[in-house]
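Participant: just a sequence and a predicted model for now, questions to come.
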Amino acid sequence: MNTPISLFAFLFFALAITGSSHAESLRCGGQLAHIGETKADILEKCGDPMVTDSYCEPIAVNQSQGIPV
């Protein structure tokens, strides 16, 4: 009865260790895009993105002087 528990524990830890690896590159078509490449290099290799996201941070303005705080 101890064997199935040991096997389960071993498989759990083996998957936990292998699942925590980080990707150092991304495949685009037949080419690799690496960390540190410029946006132009990535666009050349991968093409335009299918979806983009943007964020505009609101700025607080001093009402009496009309300047950003």
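Facilitator: That came through fine. Residues are numbered from 1 along each chain as shown.
Participant: where's residue 3, which helix or strand?
Facilitator: Residue 3 is part of helix 2-19 when elements are defined by DSSP states H and E.
Participant: near residue 42, how many other residues are there?
Facilitator: Residues contacting residue 42 under the criterion other CB atoms under 10 Å number 16. Bear in mind the C-beta positions are built from the backbone N, C-alpha and C, glycine included.
Participant: please identify the helix or strand for it.
Facilitator: Going by DSSP H and E, residue 42 is in helix 39-46.
Participant: residues contacting residue 32?
Facilitator: 25-26, 45 (CB atoms under 8 Å, 6 or more residues apart in numbering).
Participant: if I look at residue 44, how far off is residue 30?
Facilitator: Shown here: residue 44 relative to residue 30, a distance of 13 Å by CB to CB, to the nearest Å.
Participant: more neighbours: these two, which one.
Facilitator: Taking neighbours as other CB under 10 Å, residue 44 and residue 30 compare with residue 44 leading, 13 against 6.
Participant: how near is the more buried one to residue 35?
Facilitator: To residue 35, residue 44 is 16 Å away according to CB to CB.
Participant: repeat for residue 26
Facilitator: Counting by CB to CB, the gap from residue 26 to residue 35 is 9 Å.
Participant: which one of the two is surrounded by more residues?
Facilitator: For residue 26 versus residue 35, the count of surrounding residues by other CB under 10 Å is larger for residue 26: 14 against 9.
Participant: looks to me like the more buried one is in a helix.
Facilitator: No: per DSSP: H, G, I helix; E, B strand; the rest coil, residue 26 lies outside any helix segment and is strand.
Participant: can you classify the closest residue to it other than its chain neighbours by secondary structure?
Facilitator: Spatial nearest neighbour of residue 26, chain neighbours left out: residue 33 (4.7 Å); criterion: CB to CB, 6 or more residues apart in numbering. For residue 33, the assignment made with three-state DSSP gives strand.
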